[in-house]
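Sequence and predicted model, in that order:
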Amino acid sequence: KSALVSEVHKPIVARRGNFISGKFDQLQRNIPYTSLLQAFRELIRQILSEPESSLSAWRSRLLSALGQSGQAIVEVIPELSLIIGPQPPLQSMSPSESENRFQFVFKRFAQAFAQHNHPLVLFLDDLQWADTPSLKLLLHLLQDVDTKHLLVIGAYRDNEVTTGHPLLHTLDGLRKAEVQITTLLLEPLGIDHIQELVSDTLRQAPDTEPLCTLLLEKTGGNPFFLGQFLRSLHDEKLIFFDATEQKWCFDLSEIKGRGFTDNVVELMAASIKKLRPQAQQVLRQAACIGNHFDLHTLLVVSEQPRMETAAALWEVIKEGLVLPLGEVFPLTQLADPDADQLFGSFKFLHDRVQQAAYHLIDASEQQGLHLQLGRLLLANTKPEALDDKLFDIVHQLNLGSEKIIDQKERYQLAALNLSATRKAKSSAAYEPALRYVN
């Protein structure tokens with residue numbers, strides 16, 4: 001699904017459109033608006049890299065759109081203040097009025113980017129894990145008649161969205177509002193597709209039909225599973241290039257004899273276990289952080305020398321398990337002790353890779369690791385940056401809260417949850433606010 005949507009990217013940019021994307025995380029469902037904010041933060045960073053003349057035009061457009069309520073967006077996307085400057089504080093309102101204000105301001109914010117000469121495409125991946133506030137905000141945005149030049153592409157696993165799922169209620173609401181919805185069901189690859197793919201990959205290999213039949217049986221025709229299974233066969237030298245014969249070969253009887261699993265998480269876990277211990281540890285820590293993570297956070301939680309962490313991260317990048325978002329951070333700069341503000345963001349190749357890495361952590365150790373990550377993030381976050389990192393820190397500490405024995409630390413976590421409650425309430429995310437206050 002994600003691979004198909006990524007093909008839309010180039011023609012959109014070629015037509016002066018903006019393509020932004022966000023991905024909901026199976027481990028971060030309590031963090032409100034995570035995917036939407038991820039996408040629009042990406043857009044704000046793009047704008048900040050433009051020349052001053054362009055930046056000035058965006059400043060005027062955004063200030064006009066947001067009016068006196070720009071702080072509502074700055075609170076959830078702090079980078080916006082670098083474009084529009086400090087904003088007046090928000091007036092105190094009742095919960096329903098606050099929710100209406102946030103939805104209205106966010107709608108105006110999104111509409112400012114979706115213009116006739118600059119259409120906006122927003123891709124939201126893994127909607128089966130979407131939080132309720134995000135779905136409500138999306139419904140409000142798309143059913144407004146003033147929302148034009150905006151295309152939202154959503155992807156989800158239909159086998160995980162059953163009757164009563166919030167996503168289905170959102171889609172029903174959009175249909176009732178007569179919003180145009182096109183549904184594209186992606187079927188698994190059939191045996192003919194797999195034979196075409198394998199024949200193209202292995203070139204002059206002998207009859208591939210028995211291999212393709214086995215691949216279909218093991219992967220169910222899922223393209224991602226298929227690619228990973230072929231890669232594992234190559235890593236195990238069960239598919240190999242015969243230099244003498246100048247052709248690709250495979251040993252079908254040996255492949256069947258190995259008893260490869262048809263569970264892709266187990267397959268990915270087996271692949272991860274072949275990495276050096278340091279690289280495995282970096283992957284496990286990254287999986288706890290989330291599907292997307294930045295280099296600065298990873299260096300904080302790794303507690304290892306910078307160059308060791310960088311080398312481990314580079315190993316998993318070379319294996320294709322993690323992908324850099326944008327420019328890769330120069331490893332030589334990591335040795336600079338003054339390089340406090342390290343940039344560089346990354347994402348897992350697939351949520352199944354993140355899932356496999358997370359499952360390599362023993363269940364009895366997961367709470368302790370989340371607690372350790374939360375403590376490190378809190379200790380390494382400057383007071384003025386705490387509000388921006390608040391949800392991430394509280395998320396980690398709450399997952400490990402049962403391991404907290406010290407009463408002073410428990411009071412501290414209660415205070416952080418209260419701050420998270422207020423922050424969630426200020427952006428009308430009442431369901432997460434209730435969980436934090438509980």
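Here it is on my side, so go on.

now His165: how far from Val152?
According to C-beta to C-beta, to the nearest Å, His165 and Val152 sit 18 Å apart. In this view, the C-beta of every residue, glycine as well, is placed from N, C-alpha and C.

I should have written Pro11 there, sorry.
For Pro11, the distance to Val152 (C-beta to C-beta) stands at 17 Å.

neighbour count winner among those two?
Val152 (17 against 10; other C-beta atoms under 10 Å).

My guess is the more buried one contacts Leu122. True?
Yes - with contact defined as C-beta atoms under 8 Å, Val152 reaches Leu122; the gap is 4.9 Å.

Can you name the residues that contact the residue nearest the centre of the chain?
The centroid of the chain falls nearest to Lys23 when counting by C-alpha atoms, centre = their mean (3.8 Å). Applying C-beta atoms under 8 Å, 6 or more residues apart in numbering to Lys23 gives the contacts Ser35, Gln38, Leu124, Asp125, Asp126, Asn291, His292, Lys347, Asp351.

Arrange these in TSV, one row each, with distance to Lys389, secondary structure and pLDDT as further columns.
Output for these, formatted as TSV (distance: C-beta to C-beta, whole Å; DSSP: H, G, I helix; E, B strand; the rest coil; pLDDT from 0 to 100):
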residue	distance to Lys389	secondary structure	pLDDT
Ser35	18	helix	89
Gln38	14	helix	87
Leu124	23	strand	93
Asp125	23	strand	91
Asp126	23	coil	90
Asn291	17	coil	86
His292	14	strand	86
Lys347	19	strand	87
Asp351	23	helix	85
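
By neighbour count, which of those wins?
Of all the contacts of Lys23, Ser35 has the most neighbours under the rule other C-beta under 10 Å, reaching 28 neighbours.

residue ranges with poor pLDDT in this protein?
Along the chain, the parts satisfying pLDDT under 70 run over 28-29, 204-206, 261-262, 326-343.

what about the strands in it?
18-23, 120-125, 150-154, 239-242, 247-250, 292-294, 322-325, 345-348 (DSSP state E).

Would you mind finding the most buried of the ones you listed?
Of all these, strand 120-125 carries the top mean neighbour count, a mean of 23, counting by mean count of other C-beta atoms under 10 Å.

and that one, how far from the chain's centre?
13 Å (C-alpha atoms, centre = their mean, to the nearest Å).

Repeat that for stretch 85-94.
Worked out by C-alpha atoms, centre = their mean, stretch 85-94 lies 30 Å from the chain centre.

Could you give the separation between the terminal residues of it?
27 Å (C-alpha to C-alpha, to the nearest Å).

Output the strands of the chain in CSV; the columns should cover distance to Arg375.
Conversion of these to CSV gives the following (distance: least, C-beta to C-beta, whole Å):
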stretch, distance to Arg375
strand 18-23, 26
strand 120-125, 30
strand 150-154, 36
strand 239-242, 46
strand 247-250, 49
strand 292-294, 17
strand 322-325, 24
strand 345-348, 23
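
mind checking which of those is nearest Thr132?
Closest to Thr132 of the strands of the chain is strand 120-125 (C-beta to C-beta; 14.2 Å).

any idea how far Leu124 is from Leu4?
Counting by C-beta to C-beta - Leu124 and Leu4 are separated by 14 Å.

typo on my end, it should be Gly227
14 Å.

More neighbours: which of those two?
The neighbour count for Gly227 versus Leu4, taken as other C-beta under 10 Å, is higher for Gly227 (17 against 12).

The more buried one and Trp248, how far apart?
From Gly227 to Trp248 the distance is 16 Å (C-beta to C-beta).

Quick check: the gap between the residue nearest to the centre of the chain and Gln281.
Applying C-beta to C-beta, the value for Lys23 to Gln281 is 24 Å.

next one: Leu82
For Leu82, the distance to Gln281 equals 35 Å [C-beta to C-beta].

So which of the two has more stuff around it?
Set Leu82 next to Gln281 and count neighbours by other C-beta under 10 Å: Gln281 wins out with 18 against 13.

correct me, but that one touches Leu313?
No - using C-beta under 8 Å, Gln281 is not in contact with Leu313; the gap is 10.8 Å.

Gln354 touches Ile289, doesn't it?
No - counting by C-beta under 8 Å, Gln354 sits too far from Ile289 to count as a contact (9.7 Å).

And the contacts of stretch 12-21?
5, 8-9, 38-40, 42-43, 46, 113, 117-125.

and if we set it to 7 Å?
The contact list for stretch 12-21 (C-beta atoms under 7 Å, 6 or more residues apart in numbering) reads 9, 39-40, 42-43, 113, 117-123, 125.

hey, what's Lys347 bridged with?
His292, Leu323 (DSSP bridges).

OK, contacts around it?
Asn291, His292, Leu323, Leu325.

if we take these, which one ends up nearest to Ser427?
For those, the residue nearest Ser427 by C-beta to C-beta is His292; the value is 19.9 Å.
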